[in-house]
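Student: here is my input; please provide its structure:
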Amino acid sequence: MPRKIVIDCDPGHDDAVAILLAHGNPEIDLVAITTVAGNQTLDKVTWNARSLATLAGITGVPVAAGCDRPLLRDAIVAEEIHGTTGLDGTTLPEPTVELDPRHGVDVIIDTIMDADASEITLVPTGPLTNIAVAVRRAPHIVSRVREVVLMGGAYTRGNVTPAAEFNIAVDPEAAAIVFAAGWPLTMVGLDLTHQALATAEVRARIAAIGTPPARAIGDLLEFFRVAYLADQGMPAPPVHDPCAVARVIDPSVMTVEEAVVTVETQGRFTSGMTVTDFRGRPANALVATTLDVPRFWDLVVDALTAIGPVRA
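Tutor: Next comes the predicted model:
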């Protein structure tokens, strides 16, 4: 039976791939998309989510806007990587998918409570503000969630500072709440996602599909490539967020290790660091370490192929 997931996201080039991977894979039942300020402002990432749903023919799935700023800190965006729209590099359709009138946090809570216990998996691919607010507002949801598989953090590196990955650095207080909540949690961080490189060969496979959704993803990956080369000197960009979706589709696509993960919120130079102790017990997380790269890209290509030529 397909796994029911809520994607909480801030599209974002790699979020776009994650959403289409979830929609196009038969092992996933995408039941809600919620947005959070991160890669760009809330209004921009919410428009992007609705446009992507329109592009891919995602219907009957609520799309709701969540928190427009971190819990305690000023908002920051990643315009140098994702551009002024959050999805620079292609022309997306005007959204026909309506915005759900509920707040994204309420959609998360309602979806969990309306489902059977342990039926919903949360897949956050942006800052963890919405998830933290949901936990604070309705702590009873923690015992009803099957698991949380999040893209964020790292155990050896950062990407916005030497210590911190973007999603955690934007709202470390929210991340601290999510990691300490006590639910099953997998951290798919930079150490894993930097193995998921959109190489020239990968981009050629996606281009060969030839459909409008695949062409849009190809355009986005080309923009992403140029941005990563300019900003971080990487000739092929790591595609972070779909790795979390891939973990839900096929847990064997990556290896994980138990660890105690603590989020640093006070450090002058280390705020947002996910301090990872693989020796610590009891563990509060599984931490992704090694990716089956060919299998991962097969999942992405197969999903884009399955979506088909939704739009002319």
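Student: my guess is residue 159 meets residue 165, correct?
Tutor: Yes - assessed by C-beta atoms under 8 Å, residue 159 is found in contact with residue 165 at 5.5 Å. C-betas here are computed from N, CA, C, even on glycine.
Student: which residues do these two both contact?
Tutor: Common contact partners of residue 159 and residue 165 (C-beta atoms under 8 Å, 6 or more residues apart in numbering): residue 190.
Student: so between these two, which is more surrounded?
Tutor: Between residue 159 and residue 165, counted using other C-beta atoms under 10 Å, the more crowded position is residue 165 (26 against 20).
Student: the residue nearest to residue 156 when sequence neighbours are not counted sits in which helix or strand?
Tutor: Nearest-residue entry for residue 156: residue 191, 5.5 Å, with adjacent residues in sequence omitted and distances by C-beta to C-beta, 6 or more residues apart in numbering. Element membership for residue 191 (DSSP states H and E) is helix 190-193.
Student: what do you get for residue 105?
Tutor: Per DSSP H and E, residue 105 falls inside helix 104-114.
Student: ok now the next helix or strand after that helix, how far from the chain's centre?
Tutor: Using DSSP H and E, the helix or strand that follows helix 104-114 towards the C-terminus is strand 120-124. Chain-centre distance of strand 120-124: 10 Å, with C-alpha atoms, centre = their mean, to the nearest Å.
Student: give me the most central residue, this protein.
Tutor: residue 125 (2.0 Å; C-alpha atoms, centre = their mean).
Student: skipping its backbone neighbours, what lies nearest that one in space?
Tutor: Using C-beta to C-beta, 6+ apart and skipping residues adjacent in sequence, the residue nearest residue 125 is residue 241, 3.8 Å away.
Student: what is the burial count for the residue nearest to residue 156?
Tutor: Using other C-beta under 10 Å, the number of residues around residue 191 comes to 20.
Student: can you start the count at 22 instead of 1 from here on
Tutor: Okay, using 22 as the starting number, the last item reads as residue 212.
Student: which SS class is the residue nearest to residue 166 when sequence neighbours are not counted?
Tutor: The spatially closest residue to residue 166, leaving aside those adjacent along the chain, is residue 204, at 5.2 Å (C-beta to C-beta, 6+ apart). At residue 204, secondary structure determined by DSSP: H, G, I helix; E, B strand; the rest coil is coil.
Student: all strands of the stretch 72-221 of the chain, in order?
Tutor: 84-86, 141-145, 166-172, 206-209 (DSSP state E, counting those that start in this stretch).
Student: my guess is the residue nearest to residue 177 contacts residue 299, does it?
Tutor: No - contact between residue 212 and residue 299 fails when scored by C-beta under 8 Å: they sit 11.8 Å apart.
Student: ok, residues contacting the lengthiest helix in the chain?
Tutor: Longest helix in the chain by number of residues (criterion: DSSP state H): helix 233-253. Here helix 233-253 makes contact (C-beta under 8 Å, 6+ apart) with 34-35, 37-38, 41, 76-77, 101-104, 108-111, 113, 180, 219, 223-224, 227-228, 255-260, 325-326, 328, 330-333.
Student: show me those residues that map onto helices.
Tutor: 34-35, 37-38, 41, 76-77, 101-103, 223-224, 227-228, 325-326, 328.
Student: out of these, which are buried?
Tutor: The neighbour count (16 or more other C-beta atoms under 10 Å) marks 34-35, 37-38, 41, 76-77, 102-103, 223-224, 227, 325-326, 328 as buried among the ones in helices among the contacts of helix 233-253.
Student: so what's the backbone phi/psi at residue 321?
Tutor: Main-chain torsions, residue 321, degrees, to the nearest 10: phi -70, psi -50.
Student: excluding covalently adjacent residues, which one is nearest to it?
Tutor: residue 42 (5.6 Å).
Student: can you give me the neighbour number for the one you found?
Tutor: Counted with other C-beta under 10 Å, residue 42 comes out at 30.
Student: the one 4 residues further on now?
Tutor: Residues near residue 46, counting by other C-beta under 10 Å, number 23.
Student: so how far is residue 232 from the closest residue to it other than its chain neighbours?
Tutor: Distances taken as C-beta to C-beta, 6+ apart put residue 324 closest to residue 46, at 4.8 Å, once the chain neighbours are dropped. Residue 324 is 12 Å from residue 232, where distance means C-beta to C-beta, to the nearest Å.
Student: what's the overlap in contacts for residue 212 and residue 299?
Tutor: residue 176.
Student: any idea how far residue 193 is from residue 73?
Tutor: 28 Å.
Student: tell me which of these two has more neighbours.
Tutor: residue 73 (31 against 27).
Student: circling back to that earlier point, isn't the residue nearest to residue 166 up against residue 169?
Tutor: Yes - Residue 204 lies in contact with residue 169 (C-beta under 8 Å); the separation is 5.8 Å.
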